[in-house]
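*Asks:* pasting the structure only:
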């Protein structure tokens, strides 16, 4: 027993000692290639957004709020964005008390090391060979694809999630091996439980990770038993059934995140036309990645003028670093072929990866299948390439072993043939030692010789690490830390000319190999201000194009520590050896310059001072121009003022109307140039401040609509960046007795947007009345509900039951409501073709007819027609044909109504007093006609007059109120002024139906409804208010989400119960059998009867 323990202890110590240098190398490579993330500025386009969201979670931790009011006009990050990695950063901050920006910087590098070590363990698990595992782990930080997500794009959530993948890949084969060799043993169940937990974590880490792993696992569970176990006795049907059962269990285990995400996205998509996405082939292929680039066969990248440009079979510029070094790609291919003969487990992983890899790199094939449901999620190159980030370095490491094996396999064969155990053991040991050493030598030699692939750049530039295309961004062995002045040839993002050539002195390779041009330029400039005679060699060197002899002569003097006049200065620019650059003192200096605990605590430089100009006021809102995305990401980190934009579009609940606002506020040329739109949107969105680039936006429009500059930056590179203020802000909370206008219309045709746009053109000003978005169907309301609204507009409306809808509208108008009906929108609005209309229609019969003369308008009603010139109306023509109308004869106009506008004696608009209310009917699609003819001014006036008629001079006043928010999910509005009139509370945060509202007044509490208003905000309507009353508006988790989380928890508990109490499995099987499950089902999944006893 002691010998056995000693043996395992010795092996363990040996393996650990062997592991330590691998860990050290990986740490070094991670710091070498990734040290930019440590500061002083935060690199990676989107990383600031990650830190901002983590900082928000930190404020409330350990609670995790659903609502995030600081972005997007109010949204949720917990159900629209994967937050596990932010929570990890939050926990680390709590444990260390280090500023959260610094925690993120350090943790992002640590995760690269951990992922590499996860790959090490995976490779060792499959090969039982530490040398192969070491090579694979070292290859990981050498791949450009390892760094592009973190250092360039800033997709931190996706990059940091990679640490969760290796455990899945380790426990999947452990389960399969145990299950197929020994049945559903306790060990197999434990392996499956760990596998399930590691998979279930992935959606909340990053959905792309989950999809990529799921596709791989689905294939692996089929091919692994066939390839590894070579099971002639394993029936394909059993494999498929097990695979499907596992997929179902995984789906159940991940419902805790997928159901809330799907539920939230369904609300994101509401209020906009719901159409199946139509993919443009050129666009899709231009944004694809291709084998020639992914495997770095060529460093060329595609550039496209526009989306009509024919796609090329190489990756675009943005995706250039989604690649594996050429030599690692070649070694991976060798490893895949060799693993067929030497290690079937590695071969199975390689084969299983071919499916997601093909999805990633063959977009032309993917495009064919995009028409199928959910294909857009699966046929995504980001998900498809995921597993290759592990499998390719694994195969490449094994490829080094395969090449070594070709030289050493005779020793292995001899060890098996010899009967003498000592000789056999000796040869076997020699084989293992030589194979390992030779594998390392092959890996090192090939990496070094292909370090500058594809050989068209100087050999001091590496294509290993972060960059494969741009020479000036590659790792530079002359200055590995990019320290000191920027190099005018190979540093600072310098690009070659169109013919891919740098300036002449940059092509002087002897000069470039021995001296740093940037530093040399600094030293040479000192001589120009001195009136002294300079040695001819130095003059030649400072010309930046000396001959090779001069270069070597000066370099030797520098190497000999020459302290002669001028040489001591010039030698400061001498290229240091790798050893000199890596010495301890130099590393300390590099780290000191990062200044982690000072500048490193910030995400930006002095530009953040602009945020200090914002007040500490959560009752207002700031907008940010689209050209300064960095401000969008950082504003919630540095300011308490909520911002309108959100950096990722899966989060906004106001997609359509926010896009509308973006165009108005950011585009100099727009189809909607009217000043009133900017004014109205400023009111509706509660905007008071705006960060913008003055030279990129319609600044004259800002000036005309009441905006003024607060401060402007004059320094480069952000010249023109300024903070502006709106001089008539409304704040986020408006309590008023103004009238409300309800628009009933179908989402699929987006009738609400038509009306909202017309309102912003001045027909319904925010100061006069507030627009409310209604349901698609009229009969979803009762007449009592409609009485809350002063005007109801039917625009693109529908009925579930027409008779009920007619009855509701009739009662509403008779009791004093005002109704606007647009029947001129064929197929979109109901009632456009009807033999007998209900009594509240001003006209008794409607048919779809040609108007005849297209420009014979007659405005009959002088009151509504005041100030309108019908001669300026656009003709009733569209697309070369007449603009048809829904109308009848003048004789069919009811006696209570009158014609307002006609054409060729055909009523186009009619209306009048019906009961106690008013009705306007339009058989002419006036809103559509206005839009078709670029907002005809006189037609807009007519629509505005129609609304004024319906509002009947109703006005309102603003009442005093305030709000407080002790937790993001709970808002308390206090009404500080009484009113006997109908009162509306317009809360300028996005409407979300899972909130609940109650009114507390005079000691009583009652539930109240709320509505979507304006551009997607929240509105409460009360018949009257008492001073001191409160509205509690609070998020409540829907029952379906609670059930989904319960199913996920139950799934894990059920697996645990089956492990602890295996007899429960038999009970489950019996129940399934009694539910008419086929008799063979049990056998297919669980094997023979005796296996179920495990």
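*Replies:* Right, received. Where do you want to start? Just so it is clear, the model here is predicted, and its values are computed rather than measured.

*Asks:* burial measure for residue 369, as a count.
*Replies:* Residues near residue 369, counting by other Cβ atoms under 10 Å, number 12. Bear in mind the C-beta positions are built from the backbone N, C-alpha and C, glycine included.

*Asks:* please tell me I have it right and it contacts residue 379.
*Replies:* Yes. The pair residue 369 / residue 379 is scored as a contact, 6.1 Å apart, by Cβ atoms under 8 Å.

*Asks:* what residues are shared contacts of these two?
*Replies:* Here residue 369 and residue 379 share no contacting residue, scored by Cβ atoms under 8 Å, 6 or more residues apart in numbering.

*Asks:* in three-state terms, label residue 631 for me.
*Replies:* helix (DSSP: H, G, I helix; E, B strand; the rest coil).

*Asks:* pLDDT at it, what is it?
*Replies:* On the pLDDT scale, residue 631 is placed at 89.

*Asks:* show me the contacts for it.
*Replies:* Applying Cβ under 8 Å, 6+ apart, the residues near residue 631 are 610, 624, 625, 691.

*Asks:* now do the helices in the stretch 401-550 of the chain.
*Replies:* Assigned by DSSP state H, counting those that start in this stretch, the stretch 401-550 of the chain shows helices spanning 421-449, 509-514, 517-527, 536-542, 548-559.

*Asks:* okay if I get the ones you listed as CSV plus mean neighbour count and mean pLDDT?
*Replies:* Putting the helices of the stretch 401-550 of the chain into CSV (neighbours: other Cβ atoms under 10 Å; pLDDT from 0 to 100) gives the following:
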stretch, mean neighbour count, mean pLDDT
helix 421-449, 16, 91
helix 509-514, 19, 88
helix 517-527, 17, 84
helix 536-542, 17, 86
helix 548-559, 16, 89
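
*Asks:* for the ones you listed, give me CSV that also has distance to residue 947.
*Replies:* Output for these, formatted as CSV (distance: least, Cβ to Cβ, whole Å):
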stretch, distance to residue 947
helix 421-449, 73
helix 509-514, 73
helix 517-527, 66
helix 536-542, 77
helix 548-559, 81
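
*Asks:* which one of those lies nearest to residue 122?
*Replies:* Minimum separation from residue 122 across the helices of the stretch 401-550 of the chain (Cβ to Cβ) falls at helix 421-449, 17.4 Å.

*Asks:* and that closest one, what does it pack onto?
*Replies:* Helix 421-449 sits against helix 130-139, helix 326-342, helix 388-417, with contacts defined as 3 or more Cβ pairs under 8 Å, 6 or more residues apart in numbering; DSSP states H and E.

*Asks:* relative to residue 449, which of the ones you listed is closest?
*Replies:* Closest to residue 449 of the helices and strands packed on helix 421-449, according to Cβ to Cβ: helix 326-342, at 7.9 Å.

*Asks:* next helix or strand past the closest one?
*Replies:* Following helix 326-342 in sequence order, the next helix or strand is helix 344-361 (DSSP states H and E).

*Asks:* buried set for that next one?
*Replies:* Residues 344-353, 355-357, 359-361 are the ones in helix 344-361 that count as buried (16 or more other Cβ atoms under 10 Å).

*Asks:* ok so, going back, mind checking which of the helices of the stretch 401-550 of the chain is nearest residue 991?
*Replies:* helix 517-527 (55.5 Å).

*Asks:* what is the closest one packed up against?
*Replies:* helix 536-542, helix 567-570.

*Asks:* tell me the secondary structure at residue 987.
*Replies:* The three-state assignment at residue 987 reads strand, by three-state DSSP.

*Asks:* and it, what is it in contact with?
*Replies:* Residues in contact with residue 987 (Cβ under 8 Å, 6+ apart) are 732, 733, 963, 971, 973, 1017, 1018, 1019, 1020, 1033.

*Asks:* so what's it bridging to?
*Replies:* In this entry, residue 987 is beta-bridged to residue 733, residue 1018, by DSSP bridges.

*Asks:* picking that back up, among the contacts of residue 987, who's most crowded?
*Replies:* Most neighbours among the contacts of residue 987, by other Cβ under 10 Å: residue 1017, with 27 neighbours.

*Asks:* quick check, that one in contact with residue 681.
*Replies:* No. Using Cβ under 8 Å, residue 1017 is not in contact with residue 681, being 11.7 Å away.

*Asks:* all helices for the stretch 151-300 of the chain, in order.
*Replies:* Using DSSP H, counting those that start in this stretch, the helices found in the stretch 151-300 of the chain span residues 156-160, 165-182, 186-205, 207-228, 236-253, 255-268, 281-286, 291-294.

*Asks:* with mean pLDDT, distance to residue 785 and mean neighbour count added, can I get those in TSV?
*Replies:* Below are those laid out as TSV (pLDDT from 0 to 100; distance: least, Cβ to Cβ, whole Å; neighbours: other Cβ atoms under 10 Å):
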stretch	mean pLDDT	distance to residue 785	mean neighbour count
helix 156-160	94	43	26
helix 165-182	95	51	20
helix 186-205	95	39	20
helix 207-228	94	39	22
helix 236-253	91	39	16
helix 255-268	93	21	18
helix 281-286	89	44	17
helix 291-294	96	58	20
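
*Asks:* need those in a markdown table with distance to residue 892, can you?
*Replies:* Converted to a markdown table, these look like this (distance: least, Cβ to Cβ, whole Å):
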| stretch | distance to residue 892 |
| --- | --- |
| helix 156-160 | 63 |
| helix 165-182 | 71 |
| helix 186-205 | 60 |
| helix 207-228 | 58 |
| helix 236-253 | 59 |
| helix 255-268 | 43 |
| helix 281-286 | 51 |
| helix 291-294 | 69 |
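
*Asks:* what's the helix or strand hosting residue 1057 in contact with?
*Replies:* Applying DSSP H and E as the criterion places residue 1057 in helix 1039-1060. Applying Cβ under 8 Å, 6+ apart, the external contacts of helix 1039-1060 come out as 186, 189-190, 192-193, 196-197, 200, 249, 252-256, 258-260, 263, 1064-1065, 1068.
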